[in-house]
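> requesting a structural model of the entry that follows:
(2 chains)
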Amino acid sequence: MRKYKLALALVFAAGPAQAARRAPRPGADALLLKMLSGPATGYAAVERVQVFLPGRKPKAIKVGVTGLPGGLRRLEVLAKKKKAPALVQVRGAGQYEAPETGLARLRALYEIAASTGGMVAKRRTWRIELRLKTGVLRRALWVDRDSGLLMKRETYRDDGTLARRERLVKLELPAAVDPESFAAAPAAGPWMPDGFVFLGESGGRRRYSNGLENYDIFPDGGRLAVAGDLAEDDAARVLATAAR
Amino acid sequence: MNESHDARLAKAAMRSLRVSAPESLRADLRRLARARRSAPSFWDDARGFLLGGAWEYGAGAAFAAAGIGIFMLRAVPEPAASLDAARRPAHAAAAPQALQDLWSDDDGGDDEEI
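Predicted coordinates:
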């Protein structure tokens, strides 16, 4: 009988000891820096991108993503019922931005808070909320606790409705990735969000689109301006590189 | 329907009063029955409004059509979402079909596997 009591006491004593070993939540800035730096190893993933337009059916694409340390990424938009990708983009080459610069931009635009996230693609995550200074929740990010990889991102409209969701649905990390597959020529012109392409220029107005969402770069009172379907941080990054 | 009912009532009253009522009252009832028969019905008014050749009817129809048009234009939803509607481009040209075709209908769910 005494042995049982001793065993029970050990079990109860082990609980708090186990909890104490749980990793503390890092600060929001540290999490964002880790996310902006990207994983320290190669990885391969499948991403699902969903766009929610008001009054219309949700639309989605599937994207094959491979990445290397240093922020290099290769995106392959997988076409419906076709084996070959319909669109290939190599991101990061010639578009490098120091993680500290990205963090400063987010800090300037948003109030940032970190909390515990759920499981995404079988990985434990931290959740980061980006709110405009007005209090409007613009983005929610789910960041892999171990590698800092951005696992999921949701973007919301001013009225709180979901505008866009990007989520890794399969992930191999670390993964052997062929560096040769990133050998594409660096894309000229301003930085573009993933999936967007340059459509053309008309009357000094440059138009970009991903098929569902659009934005323009245009001269406005002697300066360049950006307008369209972009969150504030993406619009600021486009504008910062618009003169290219 | 009310007018024919009233006319029947007037006829019935006439029949019942034909013998006993004074001539002046009978004359009043006859005038009333004639007035009821000659008053244009709602359907006559509507037919006149729709088919009548007077210029007022044409102007009225044009005004109504303009009102319906304005209502329809206001009821058509925005072509796409904008995170910042105030900064949305004035001209929202459609993206090329090849780009649009990359997207397929989705259930909107937040599932782990696809």
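
> hey, let's count contacts and neighbours off CA atoms from now on
Will do.

> the nearest residue to residue A:154 once chain neighbours are set aside pairs with what?
Counting by CA to CA, 6 or more residues apart in numbering or on different chains, residue A:154 lies nearest to residue A:165, which is 4.5 Å off, once chain neighbours are set aside. Counting by DSSP bridges, residue A:165 forms beta bridges with residue A:50, residue A:154.

> got the residues of chain A near chain B?
By CA under 8 Å from any CA of the partner chain, the residues of chain A that approach chain B are A:48, A:50, A:52-55, A:57-61, A:77, A:79-80, A:86, A:120-121, A:156-158, A:163, A:169-170, A:199, A:209-216, A:227-231.

> my guess is the residue nearest to residue A:154 meets residue A:153, correct?
Yes - here residue A:165 lies in contact with residue A:153, judged by CA atoms under 8 Å, at a distance of 5.8 Å.

> filter the residues of chain A next to chain B to the buried ones?
A:48, A:50, A:52-54, A:58-61, A:77, A:79, A:86, A:120-121, A:156-158, A:163, A:169-170, A:209-216, A:227-231 (16 or more other CA atoms under 10 Å in any protein chain shown).

> give the other helices and strands that the host helix or strand of residue A:46 contacts.
Here residue A:46 sits within strand A:43-51, counting by DSSP states H and E. Judged by 3 or more CA pairs under 8 Å, 6 or more residues apart in numbering or on different chains; DSSP states H and E, the packing partners of strand A:43-51 are strand A:59-68, strand A:162-172.

> can I get those strands in a markdown table including distance to residue A:135 and mean pLDDT?
Shown next, in a markdown table, are the helices and strands packed on strand A:43-51 (distance: least, CA to CA, whole Å; pLDDT from 0 to 100):
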| stretch | distance to residue A:135 | mean pLDDT |
| --- | --- | --- |
| strand A:59-68 | 28 | 95 |
| strand A:162-172 | 16 | 97 |
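
> can you give me the domain assignment for chain A?
A:28-186, A:187-244 (automatic domain parsing).

> look at the nearest residue to residue A:27 once chain neighbours are set aside and tell me its secondary structure.
Nearest residue to residue A:27 in three dimensions, chain neighbours excluded: residue A:114, at 7.0 Å (CA to CA, 6+ apart). Using DSSP: H, G, I helix; E, B strand; the rest coil, the structure places residue A:114 in strand.

> for residue A:114, what are its contacts?
Residue A:114 makes contact with A:27-28, A:126-129 under the criterion CA atoms under 8 Å, 6 or more residues apart in numbering or on different chains.

> sorry, back to before: which of the residues of chain A next to chain B fall within strands?
Among the residues of chain A next to chain B, DSSP state E puts A:48, A:50, A:59-61, A:77, A:86, A:120, A:156, A:163, A:169-170, A:199, A:209, A:214-216, A:227-228 in strands.

> in terms of pLDDT, where does the residue nearest the centre of chain A sit?
Nearest to the mean C-alpha position of chain A, by CA atoms, centre = their mean, lies residue A:150 at 5.0 Å. Reported pLDDT at residue A:150 in the predicted model: 97.

> what about the residue nearest to it when sequence neighbours are not counted, neighbour count?
Of all residues not flanking residue A:150 in the chain, residue A:143 sits nearest, at 4.6 Å (CA to CA, 6+ apart). Burial of residue A:143, expressed as a neighbour count using other CA atoms under 10 Å in any protein chain shown, amounts to 27.

> now do residue A:143, the pLDDT please.
97.

> list the helices and strands whichever strand or helix holds it packs on?
Element membership for residue A:143 (DSSP H and E) is strand A:137-144. Contact here means 3+ CA pairs under 8 Å, 6+ apart; on that basis strand A:137-144 packs against strand A:123-132, strand A:150-156.

> got a list of what the residue of chain A found nearest chain B touches?
The minimum distance from chain A to chain B, using CA to the nearest CA, falls at residue A:211 (4.2 Å). Residues counted as contacts of residue A:211 (CA under 8 Å, 6+ apart) are B:95-103.

> go with 10 Å
The contact partners of residue A:211, by CA atoms under 10 Å, 6 or more residues apart in numbering or on different chains, come to A:195-197, B:94-103.

> can I get those residues in CSV including distance to residue B:28 and secondary structure?
As requested, these are exported to CSV (distance: CA to CA, whole Å; DSSP: H, G, I helix; E, B strand; the rest coil):
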residue, distance to residue B:28, secondary structure
A:195, 87, coil
A:196, 85, coil
A:197, 87, strand
B:94, 74, coil
B:95, 77, coil
B:96, 79, coil
B:97, 78, helix
B:98, 82, helix
B:99, 81, helix
B:100, 78, helix
B:101, 79, coil
B:102, 82, coil
B:103, 79, coil
